[in-house]
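Novice: Structural data only, the sequence is not supplied:
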């Protein structure tokens, strides 16, 4: 049995769909942060069969929880202080995304002006569809990978 040490201070992302941990690692830009990260892939789970877990030794404020909510709002965020879970956060689909997804419309201003932020608003929560702030181009949440 694999044993990964506990955190004294940090964040545990739990109930990640098996195989998605590296997507989250890249979306959160954890490779650019000065913190310890442990990725556990394909851990046994009674609820999910298999799951991924990410342990991050940094304050929760340094993480963009909207990105995690966009990727999978069923992920559990456990905030660890003094070696104990201090708070469990439940995520939701974010109402607004900035520079997480990019507009595919070649006529959108974001294709021409490179410095403009890519801003999307949640247009249809049930179908998880976002729309570009500038050109209204739809981006289906289900197409992400």
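Specialist: Received it, and whenever you're ready, just let me know what you need. Model, not experiment: these values are computed from the prediction.

Novice: Which residues does stretch 117-124 contact?
Specialist: Stretch 117-124 is contacted from outside by 93-103, 110, 128-134, 138-139, using C-beta atoms under 8 Å, 6 or more residues apart in numbering. Quick note: C-beta positions are derived from backbone N, CA and C, even for glycine.

Novice: how close does the residue sitting furthest away from the middle of the chain get to residue 131?
Specialist: Ranked by distance from the centre of the chain (C-alpha atoms, centre = their mean), the top residue is residue 107, with 28.4 Å. Residue 107 is 15 Å from residue 131, where distance means C-beta to C-beta, to the nearest Å.

Novice: With residue 105 instead?
Specialist: Where residue 131 is concerned, residue 105 sits at a distance of 11 Å (C-beta to C-beta).

Novice: re earlier: would you list the buried entries among the contacts of stretch 117-124?
Specialist: 94, 97, 100-101, 103, 110, 128, 130-134, 139 (16 or more other C-beta atoms under 10 Å).

Novice: Out of these, which sit inside strands?
Specialist: 97, 130, 131, 132, 139 (DSSP state E).

Novice: For the third one, give the beta-bridge partners.
Specialist: Judged by DSSP bridges, the bridge partners of residue 131 are residue 121, residue 138.

Novice: My guess is residue 30 contacts residue 57. True?
Specialist: No: taking contacts as C-beta atoms under 8 Å, residue 30 lies outside contact range of residue 57: 10.7 Å.

Novice: list residues touching both of these two?
Specialist: Common neighbours of residue 30 and residue 57 (C-beta under 8 Å, 6+ apart) are residue 37.

Novice: low-confidence ranges in the protein?
Specialist: Counting by pLDDT under 70, the chain contains low-confidence ranges at 1-5, 141-145.
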